[in-house]
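Asker: need the 3D shape of this:
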Amino acid sequence: MKIENRAIDYDSSGHTYSGFRRTDPRIAALVLKALGNAKSVINVGAGAGSYEPDDRYVAAVEPSIVMRSQRLAGNKVPAINAKSDDIPFDDYSFDASMAMLTVHHWPDIEKGIKEMKRVSKERVVIMTYDPDQLKKFWNIHYFPELIEIEKSRYPKIEFIKNCLNGKCEIMKVPIPLDCADGFQEAYYGRPEEFLKKEVRNSQSAWKFLPEGMEEILVKRLADDLDSGEWDKKFGHNRNEPFLNGALRLIVSEL
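Answerer: Sure thing, here's the model as predicted:
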């Protein structure tokens, strides 16, 4: 399935986003390490502010007024109303730039990454999903239509590498069983969470499904949870401390 418009209107659907998409401290530690010695950081497509370091100077760019207001409620620095493909700062204004699970929303990913490079002196850090590895998670058995949407939205890792001129390190990000950030893979051992509408509302891919399809997918999972079939097939996930899935951290030294 090809998605023509990658962006989600968070001003109409993102009012509870920050309640479910929070910084997980173990993933945050990897992001902090990736930022290295950077003293100033710009977060592009910053959302509600997840994974922004507390010990650095941070500027944020976020086009959604709802997301910007949630930043203020969460005591994050106010974000500038701007988009990834037109960052309103001079060249080399920051030591580093970061983009956390956001590039799949950008209408022009290549231009957005070039803008990140333009305003950065030392490095670019991008957290994203490898679309070729989404099949590792059991939800492909219940939500194949959703995974096809995800695969069409997330850029290939090789594409991102090319945008960064090939100078980057690709790191797998282990996802903890009690992950605080509510993306899909975070619930690999807690499948009942997918039955909650508010959880799905914090995962953008669901909004691209044809009308009525979401209910069909959720029922597939609910039926197997009720019958015990999910636990028979995938119950071992409930006790796995980490999932090595499709989540990736891409670090480019400039």
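Asker: Tyr187 against Glu193, yeah?
Answerer: Yes: Tyr187 is within contact range of Glu193, at 4.4 Å (criterion: Cβ atoms under 8 Å). Glycine gets a C-beta too; all of them are placed from N, C-alpha and C.
Asker: now do the shared contacts for those two.
Answerer: Val199 (Cβ atoms under 8 Å, 6 or more residues apart in numbering).
Asker: confirm Met127 sits in a helix?
Answerer: No: Met127 is assigned strand when assessed by DSSP: H, G, I helix; E, B strand; the rest coil, not a helix.
Asker: name the nearest residue to Pro241, sequence neighbours excluded.
Answerer: Leu177 (5.6 Å; Cβ to Cβ, 6 or more residues apart in numbering).
Asker: quick one: residues contacting the one you found.
Answerer: Taking Cβ under 8 Å, 6+ apart, one finds Tyr188, Gly189, Arg190, Asn239, Glu240, Pro241, Phe242, Leu243 in contact with Leu177.
Asker: just the helices from this structure, written as ranges.
Answerer: Counting by DSSP state H, the chain has these helices, from start to end: 10-13, 17-20, 25-35, 65-73, 109-118, 139-142, 144-153, 157-163, 197-201, 213-227, 229-234.
Asker: looking at those, which is nearest to Ala96?
Answerer: helix 25-35 (5.3 Å; Cβ to Cβ).
Asker: can I get the CA coordinates of that closest one in PDB?
Answerer: As requested, the backbone C-alpha atoms of helix 25-35 are provided in PDB (Å, rounded to 0.1, in the frame of the first residue of the first chain):
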ATOM      1  CA  PRO A  25      15.000   5.800  30.300                       C
ATOM      2  CA  ARG A  26      16.800   2.800  28.800                       C
ATOM      3  CA  ILE A  27      16.300   3.900  25.200                       C
ATOM      4  CA  ALA A  28      17.100   7.500  26.400                       C
ATOM      5  CA  ALA A  29      20.500   6.400  27.600                       C
ATOM      6  CA  LEU A  30      21.300   5.100  24.100                       C
ATOM      7  CA  VAL A  31      20.200   8.400  22.600                       C
ATOM      8  CA  LEU A  32      22.200  10.400  25.100                       C
ATOM      9  CA  LYS A  33      25.300   8.300  24.300                       C
ATOM     10  CA  ALA A  34      24.700   8.800  20.600                       C
ATOM     11  CA  LEU A  35      24.600  12.600  21.100                       C
END
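Asker: no further queries at this time; thank you.
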